[in-house]
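> Got a sequence here, can you build the structure:
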Amino acid sequence: MRSVILGIKYIPTIRLSVLRKVFSLLGKSEKITLMILFLLALASTAVIGNRVYVANTVVAPARGGVYREGMLGQPKYINPLLASSTTDISLTKLIFAGLYKNDGKGHVVPDLAEGFPEISDNQKEYVVHLKHDITFHNNQPLTADDVVFTVETIKNPEYKSILRGEWSNTNAEKVDDYTIKFVNQDISGPFLQTLTLPIISQKLWGEVAPENFATAAARLEDAGSGPYVLREIKRLPDGHIKSLHFESFSNYHSGKPNLDTIDILLYDNYESIINALHSREITGFGFLPFDQGIYVDRDRENLDIHELPTPQYQAAFFNVNNKALTDKRVRQALSLAIDKQDVLNKTLSGYGRLLEGPILPEQGALPLSKPPEFNPGKAADLLTQAGWRAIGNTKIRAKGGQQLELTLATNDFSVNVNTAELLAETWQKLGVKINLNILPTSELMNNVILPRNFDILLFSHKIGADPDPFLFWHSSQVKNPGLNLTGFANSQADQLITEARSTTDQAIRDDHYQKFQALVVDEAPAVFLNQSIYIYAMDSAIRGESFESLVDPSARFYDVPNWYVDEQRVWK
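Just a heads-up that it's a prediction; the model follows:
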């Protein structure tokens with residue numbers, strides 16, 4: 001046979017019988033040596049092949065798996081225009097997407113929008129471009145018509161949207177199918193945060209009458225453009241919802257989520273949720289560590305505990321119109337006497353973050369370089385300088401024959417009660433007579449907060465996603481319905497607040513808030529005790545989550561499409 005045929009080399013084959021004959025002629029030691037050499041060659045080939053495979057591939061999430069979360073209570077409105085409870089809002093985050101969303105650091109990032117808005121020179125107009133080829137769960141396209149419809153529905157009082165106040169001074173106009181212009185009556189620094197509103201389908205919801213808008217749950221399966229589709233709601237015989245079953249949306253605009261399924265199981269109390277976690281009925285749950293009696297072992301095996309700061313803080317607010325508290329030295333003394341870390345440890349088991357003022361680190365304030373000052377000796381000196389001295393054998397300070405006596409009011413929430421008792425004990429050691437006024441929240445609101453009938457009020461402020469302190473600290477908000485509880489009025493502070501909320505330049509806003517923070521710390525209208533944190537306990541099998549802080553507990557689902565259970569190697 002010719003060795004070359006049409007330019008193709010002919011390779012003669014070696015018959016297996018020949019190899020067997022040659023092998024049979026070898027001695028025992030030679031056969032062993034040959035086998036060892038063969039095995040070494042095989043192992044070397046496997047090692048080299050594995051190295052080549054590893055060098056040219058990377059570990060990546062694999063699709064599949066399920067996440068089961070326990071939630072407290074019953075959903076009322078799984079509708080983003082009506083949702084108000086943490087449970088309702090959390091569920092809407094799985095179903096609906098917004099023009100923008102908050103990332104794991106609390107920053108606003110694009111979601112349905114193609115980049116950030118184009119802002120006009122007068123800073124009142126925002127032009128937003130939608131990503132193309134976005135669809136709702138029923139595969140209908142999402143366009144500018146849906147965005148305008150969502151805003152108009154929110155603004156229509158007949159639909160009773162909880163978001164109406166945020167949009168009352170804004171008009172939404174369609175420029176083309178994928179472009180919307182928002183026109184504000186005034187410059188609004190926080191407006192970018194407002195644009196995180198979820199978008200609903202005009203085709204689905206446009207036919208729903210206002211009186212039926214809250215109960216049109218049958219449309220939820222096709223309603224959103226978020227990462228997961230609501231497929232099933234299981235109910236108990238009494239009608240209560242037992243669980244909700246979500247499946248990943250294959251046409252989600254950022255790519256199909258890794259987890260195939262998310263199941264939300266609903267419970268009546270946290271004890272049941274804890275039991276469900278221990279029995280592995282659920283793989284995660286979240287809570288605010290207040291007075292629920294919940295303890296989650298930070299060192300428990302196979303459980304990741306995320307402690308995420310939220311925009312809420314606890315403070316003791318001074319009524320600066322009180323005769324004694326008009327003196328800044330008295331307010332500073334009361335603040336310096338408090339060991340904030342000790343209060344945090346004793347009332348919240350250390351679950352919280354110390355802070356100096358009303359602007360939080362993730363919202364523009366400079367982070368604490370050292371713990372807040374705790375100096376009882378300096379506090380005593382300041383009271384003496386202010387003329388409050390101990391008279392005779394009494395331990396209570398007095399001036400002009402009048403004792404330094406103050407009433408500390410709070411609600412009957414156990415954490416606040418415990419905190420109030422600690423504050424009272426500390427201030428009494430300083431020579432201040434403290435009377436506690438513990439009331440149910442409704443009575444505290446009507447009889448103490450609204451008429452500003454207190455000397456010191458222990459309460460919490462929930463700031464929201466944007467740090468704008470106007471409602472809480474501007475002098476125009478001193479009287480009800482304003483929320484400036486202390487009566488704090490400072491022209492420089494007013495100017496900083498007004499200028500910060502009247503610009504979209506983040507650098508200017510941060511600079512103004514840092515100056516405002518320094519002014520408030522110096523004036524001491526309150527003792528800022530701690531910032532709340534959200535505890536999110538998740539089975540360590542769930543990976544891919546990336547959050548450092550939350551603008552709201554519901555924001556924990558911002559990157560849920562990236563969560564995964566299994567891994568695979570893929571070629572680079």
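> okay, now Ala537: neighbour count?
23 (other CB atoms under 10 Å). Placement of C-beta: from N, CA and C, glycine included.
> just checking, what packs against the helix or strand harbouring it?
Element membership for Ala537, per DSSP states H and E: strand 526-539. Contact analysis of strand 526-539 by 3 or more CB pairs under 8 Å, 6 or more residues apart in numbering; DSSP states H and E lists strand 284-287, strand 303-318, helix 340-348 as its packing neighbours.
> any low-confidence regions in this structure?
Flagging of the chain using pLDDT under 70 yields the residue ranges 1-23, 26, 53-54, 58-59, 217-222, 290-301, 569-571.
> Can you spell out the domain ranges of it, please?
16-55, 66-283+541-571, 309-533 (automatic domain parsing).
> list the contacts for Asn416?
By CB atoms under 8 Å, 6 or more residues apart in numbering, the residues touching Asn416 are Gln314, Thr410, Leu458, Phe459.
> just Arg556 next, same as before
Ser90, Gly286, Leu308, Tyr534, Tyr536, Phe547, Leu550.
> rerun that using 7 Å as the cut-off
Contacts of Arg556 were listed using CB atoms under 7 Å, 6 or more residues apart in numbering, and they are Gly286, Tyr536, Phe547, Leu550.
> Might you quantify the distance of stretch 356-371 from its chain's geometric centre?
17 Å (CA atoms, centre = their mean, to the nearest Å).
> ok, now stretch 45-57?
42 Å.
> Ok, stretch 275-285 next?
22 Å.
> Please list the residues outside that stretch that contact it.
Tyr67, Arg68, Glu69, Gly70, Leu265, Tyr267, Ile273, Ala537, Met538, Asp539, Ile542.
> repeat that with 8 Å
By CB under 8 Å, 6+ apart, stretch 275-285 touches 67-71, 265, 267, 273, 536-539, 541-542.
> Which of the domains of the chain sits closest to Leu303?
Closest to Leu303 of the domains of the chain, according to CB to CB: domain 66-283+541-571, at 8.0 Å.
> How far away from the center of its chain is that closest one?
The answer for domain 66-283+541-571 is 14 Å, by CA atoms, centre = their mean.
> Quick one: neighbours of the closest residue to Asp342 other than its chain neighbours, just the number.
Among residues not flanking Asp342 along the chain, Leu422 sits closest, at 7.8 Å (CB to CB, 6 or more residues apart in numbering). If you count neighbours by other CB under 10 Å, Leu422 ends up with 17.
> Enumerate every residue touching Ile95.
Ile78, His137, Leu220, Ala223, Gly224, Gly226, Tyr228, Val229, Leu230, Phe246.
> With respect to Gly387, which of these is nearest?
Nearest member of the contacts of Ile95 to Gly387, counting by CB to CB, is Ile78, at 59.8 Å.
> Quick check: phi and psi at the closest one.
In terms of degrees, to the nearest 10, the main-chain angles of Ile78 are phi -90, psi 60.
> so who does Leu439 touch?
Ala409, Thr410, Asn411, Asp412, Asn447, Val448.
> Okay, and the second one sits in which element?
I take that to be Thr410. Applying DSSP H and E, one finds Thr410 within strand 405-411.
> Ends of stretch 354-369, what's the gap?
11 Å (CA to CA, to the nearest Å).
> Figure out how far it is from the centre of its chain.
With CA atoms, centre = their mean, you get 16 Å for stretch 354-369.
> So which bits of the helix or strand harbouring the residue nearest to Asp342 are buried?
Element membership of Leu422, judged by DSSP H and E, is helix 414-429. Neighbour-count burial for helix 414-429, counted by 16 or more other CB atoms under 10 Å, picks out Val415, Asn416, Val417, Thr419, Ala420, Glu421, Leu422, Leu423, Ala424, Thr426, Trp427.
> same question, stretch 179-189
For stretch 179-189, by 16+ other CB under 10 Å, it's Thr179, Ile180, Lys181, Phe182, Asn184, Ser188, Gly189.
> now do stretch 547-561
547, 549-561.
> Mind picking the two most distant members of those?
Across the buried residues of stretch 547-561 (CB to CB), the longest gap, 19.8 Å, separates Ser549 and Pro561.
> residue ranges for the helices of the stretch 1-150 of the chain, please.
16-25, 28-55, 86-95, 144-155 (DSSP state H, counting those that start in this stretch).
> Show me what the second one is packed against.
Of the remaining helices and strands, none touches helix 28-55 by 3+ CB pairs under 8 Å, 6+ apart.
> so how far is it from its chain's centroid?
The answer for helix 28-55 is 54 Å, by CA atoms, centre = their mean.
> what comes up buried for it?
In helix 28-55, no residue is buried by neighbour count (16+ other CB under 10 Å).
> Then stretch 316-324?
Result for stretch 316-324 [16+ other CB under 10 Å]: buried residues Ala316, Phe317, Phe318, Asn319, Val320, Asn322, Ala324.
> Name the nearest residue to the fifth one, ignoring sequence neighbours.
With sequence-adjacent residues excluded and distances taken as CB to CB, 6+ apart, Val320 is closest to Gly487, at 4.8 Å.
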